[in-house]
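> got a structure for you, letters missing:
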């Protein structure tokens, strides 16, 4: 009698191999992503139900390990309290172990940590792994800025898509729709509808640069300057996002800024959002309390991206000789480091060649 | 002894004739415009100091006429209370008299009144008059929509610029910068910086259509659906504004939507603004109190533009067979007239061919 083949499903040539997902990161957005993904893997036959989530281990005030609490309660009590992640989410404090079996890697950590994480993962991931980055930010190198998806892709030798707002973008999308559609399947739910987009650089820069504009919007809020001023700042911010992206990558398209990752994500981030919130507090305190202090006090361990992105953008602008062309980005950084007062955010246009005052008493004496 | 020439300044060939401004309309925006303009005419030599403002006469609860109170207190106590207009603003209840001497006409009334006002002004304005419209809306005719600036221009035989957000646009701008620059001079102040723009249709449609999106944003607020949803609705609204404008006028440019009249004015209107406010109340009441009732109660005589614009847009879409392509505009109208509940604003995308769901469980069973 022939032995029963327990692996029938896997070995059967008619069933393609299942995809296995690991999420690298477990902050607020990482936990939301885990929940979205886990609700889909359990429904879709082409994915393994289980979703691994690498968690940077912390000891909670109760003395318990964060991973133990997540695995016991099915909740990330620190970064997404009150929300069940799905019983198929498994927290793992061991980075290398968490990626061992996965062929779909979702990167969603603060961007400052990615260079180190990539170094640890070299040679540790599957040959057929695909990656997606939900990370906002860039690494500034001597030779120019390097987007995080490029860093992942170069260091790990994998194809890396990006998800920003509700847009998934893929370098290879034009030739290879299959993988972008796999990611769309993995993230889409009736309440989070994801659309693919071909403009990888545009999408990633939208997601990254919007946090700098949110800092500017927060200053305006902190100074109680009203909605007209805030809207004007957001508009100039969007224009600088577009100009900066197009100067860095000629492939970037105007239309990307009308997508979810552009104007919608910008509005959301400038209305709510942690960057706006800390910048508001910074301006209310007249710049006397540092962002580091406010971050520690207000964000309970979450990281502020806008301030470090503003610094990175400033370095790029300085290196390229573009400072004068980007008065808003430049001013945000100079306020963050204390070289200008928060109120400078509404005065920058006076001495900016790119946004000259047209008319007005001084121009027409 | 030769008599002293009292008109030396006017008759001297080296001094060009001065421009004389009349504002037709005295609502909230009309009164703000009067204040801006009056602060400039008093400073600039090329304008007469006096600015006439035609006021649709009303009797106030005190028994006094509105024009008398404006001329006595220098304040529009009904539509811009607490703000001094400048002592060089003179209210005039007589439409024909108010425009007699003016060669710069600023139109800023609710758009429903413009057809009647134009009829009364035919043959009554100066031959060298220039016009500018600050009016949002359109007249829907059998042959298609007619923008208000076109109505003014056709009925009165004048060149008519538009000012929306902080953009002035001029049909003749390319050939004749002088008049656009005159308007820029008249409106620009250190706190309201105006930029010229060549895309008249784009600018006017931005100003007009944003009020429909503000109604949608107000519904989201009334339903307490949060910033993410509101931002998503604003983005789709901006996209429909762009598509609608480009379908009507092939000359409309994408970049106009990144201008002040586009994204900035949209954000301002969707954050504050009377359209948003009334729509919020409409949704909170589950559509049981009509917009007419809410307008009367909440706006103290100010007019709501978004609801009538939504109706006009709907008529254009229906006539052109474009309803399916504009789910947001269509849905706003259908909610306003009670054919759909306010919650439909977030459901429209489900049955809209233009914004299909990509991925998700149903698309990939």
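Right, received. Where do you want to start? Computed from a predicted structure; not experimentally measured.
> when you work out contacts or count neighbours from here on, use the C-alpha atoms and nothing else.
Fine.
> the longest strand seen in chain A - contacts with which helices or strands?
As assigned by DSSP state E, the longest strand anywhere in chain A is strand A:47-54. Under the contact definition 3 or more C-alpha pairs under 8 Å, 6 or more residues apart in numbering or on different chains; DSSP states H and E, strand A:47-54 sits against strand A:19-24, helix A:28-41, strand A:89-92, helix A:95-99.
> any idea which of these gets closest to chain B?
helix A:28-41 (7.5 Å; C-alpha to the nearest C-alpha).
> hmm, who's touching that closest one?
Residues outside helix A:28-41 that contact it (C-alpha atoms under 8 Å, 6 or more residues apart in numbering or on different chains): A:23-25, A:47-51, A:53, A:76, A:79-80, A:84-86, A:88-89, A:108-109, A:185-189, A:302, B:361.
> how far away from the center of its chain is it?
What separates the centre of helix A:28-41 from the centre of its chain is 15 Å, taken as C-alpha atoms, centre = their mean, to the nearest Å.
> ok, stretch A:75-90 next?
20 Å.
> quick one: contacts of it?
For stretch A:75-90, using C-alpha under 8 Å, 6+ apart, the contacting residues are A:26-28, A:31-32, A:34-35, A:38-39, A:42, A:49-53, A:66, A:69-71, A:74, A:302.
> again, only this time at 7 Å
Residues from elsewhere that reach stretch A:75-90, judged by C-alpha atoms under 7 Å, 6 or more residues apart in numbering or on different chains: A:27-28, A:31, A:34-35, A:38-39, A:49-53, A:70-71, A:74.
> ok, stretch A:236-243 next?
Residues outside stretch A:236-243 that contact it (C-alpha under 7 Å, 6+ apart): A:206, A:209, A:213, A:326, A:328, B:258.
> circling back: how far is the longest strand of chain A from where the chain is centred?
Counting by C-alpha atoms, centre = their mean, strand A:47-54 comes out at 21 Å from the chain centroid.
> coming back round to it: pull out the buried members of the contacts of helix A:28-41.
Among those, those scoring as buried are A:23-25, A:47-51, A:53, A:76, A:79-80, A:84-86, A:88-89, A:108-109, A:185-189 (criterion: 16 or more other C-alpha atoms under 10 Å in any protein chain shown).
> will you turn the helices and strands packed on strand A:47-54 into TSV that also has distance to residue B:128?
Converted to TSV, the helices and strands packed on strand A:47-54 look like this (distance: least, C-alpha to C-alpha, whole Å):
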stretch	distance to residue B:128
strand A:19-24	70
helix A:28-41	62
strand A:89-92	75
helix A:95-99	76
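> now residue A:136: closest residue in space, sequence neighbours ignored.
Closest residue to residue A:136 apart from its sequence neighbours, by C-alpha to C-alpha, 6 or more residues apart in numbering or on different chains: residue A:208 at 4.3 Å.
> got it, and residue A:272?
The nearest residue in space to residue A:272 (C-alpha to C-alpha, 6+ apart) is residue B:227, at 7.0 Å.
> before we move on, what about residue A:262?
Nearest to residue A:262 is residue A:206, by C-alpha to C-alpha, 6+ apart, at 5.5 Å.
> contacts for the one helix or strand that neighbour maps to?
Using DSSP states H and E, residue A:206 sits within helix A:200-222. By C-alpha under 7 Å, 6+ apart, the residues outside helix A:200-222 that reach it are A:136-137, A:162, A:164-165, A:169-171, A:230, A:233-234, A:237, A:241, A:245, A:252-253, A:256, A:261-262, A:266, A:269-270, A:275-277, A:279-281, A:283-284, A:305-307, A:309-310, A:329, A:332, A:342, A:345.
> tell me the mean pLDDT over that helix?
Helix A:200-222 shows a mean pLDDT of 95.
> after it, next one along is what?
Going down the chain from helix A:200-222, the next helix or strand is helix A:226-248, by DSSP H and E.
> dump the helices and strands packed on strand A:47-54 into a markdown table; add mean pLDDT as well.
Output for these, formatted as a markdown table (pLDDT from 0 to 100):
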| stretch | mean pLDDT |
| --- | --- |
| strand A:19-24 | 98 |
| helix A:28-41 | 96 |
| strand A:89-92 | 98 |
| helix A:95-99 | 98 |
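> to residue B:59, which of these lies closest?
helix A:28-41 (57.9 Å; C-alpha to C-alpha).
> just the angle for the closest one relative to strand A:47-54, thanks.
Here helix A:28-41 runs at an angle of 160 degrees relative to strand A:47-54 (axes from the mean of the first three to the mean of the last three C-alpha atoms, to 10 degrees).
> what's the angle from helix A:28-41 to strand A:19-24?
Using the same axes, to 10 degrees: helix A:28-41 against strand A:19-24 is 170 degrees.
> now the host helix or strand of residue A:292: buried residues?
Assessed by DSSP H and E, residue A:292 sits inside helix A:291-298. Within helix A:291-298, the residues that count as buried by 16+ other C-alpha under 10 Å are A:291, A:294-295.
> how close does residue A:291 get to chain B?
Per C-alpha to the nearest C-alpha, to the nearest Å, residue A:291 is found 24 Å from chain B.
> contacting residues for that residue?
So residue A:291 contacts residue A:282 (C-alpha under 7 Å, 6+ apart).
> assumed residue A:86 was part of a helix.
No. Secondary structure of residue A:86 (DSSP: H, G, I helix; E, B strand; the rest coil): coil, not part of a helix.
> do you know how far it is from residue A:52?
12 Å (C-alpha to C-alpha, to the nearest Å).
> repeat for residue A:42
Residue A:42 is 13 Å from residue A:52, by C-alpha to C-alpha.
> neighbour count winner among those two?
Between residue A:42 and residue A:52, counted using other C-alpha atoms under 10 Å in any protein chain shown, the more crowded position is residue A:52 (24 against 17).
> contacting residues around that one?
Neighbours of residue A:52 in contact, by C-alpha under 7 Å, 6+ apart: A:21-23, A:89-92, A:98.
> do the same with residue A:339
By C-alpha under 7 Å, 6+ apart, the contact set of residue A:339 is empty.
> next, it: phi, psi?
Backbone geometry at residue A:339, expressed as degrees, to the nearest 10, gives phi -80, psi -20.
> return the distance of it relative to chain B.
From residue A:339 to chain B the distance is 24 Å (C-alpha to the nearest C-alpha).
> do the same with residue A:68
Residue A:68 is 31 Å from chain B, by C-alpha to the nearest C-alpha.
> out of everything not next to it in sequence, what's closest to that residue?
residue A:91 (7.8 Å).
> hmm, that neighbour is touching residue A:51, no?
No. Using C-alpha atoms under 7 Å, residue A:91 is not in contact with residue A:51, being 8.7 Å away.
> in the sheet, who's paired with residue A:89?
Judged by DSSP bridges, the bridge partners of residue A:89 are residue A:51.
> partner strands of the helix or strand where residue A:106 lies, with direction?
Residue A:106 belongs to strand A:104-107 when assigned by DSSP H and E. Strand pairing for strand A:104-107, using DSSP bridges, gives strand A:19-24 (parallel), strand A:130-133 (parallel).
> who in the stretch 201-350 of chain A is up against chain B?
When proximity is defined as C-alpha under 7 Å from any C-alpha of the partner chain, the stretch 201-350 of chain A approaches chain B at A:227-228, A:231-232, A:235, A:239, A:258, A:260, A:263-264, A:267-268, A:271.
> now for those: which two are most distant?
A:228 and A:260 (22.6 Å).
> between the two, who's got more neighbours?
For residue A:228 and residue A:260, the more surrounded residue by other C-alpha under 10 Å is residue A:260, and the numbers stand at 24 against 17.
> does the more buried one touch residue A:164 like I think?
No. Assessed by C-alpha under 7 Å, residue A:260 is found out of contact with residue A:164, at 8.1 Å.
> got the angle for the helix holding residue A:206 vs helix A:226-248?
Going by the same axes, to 10 degrees, helix A:200-222 makes 150 degrees with helix A:226-248.
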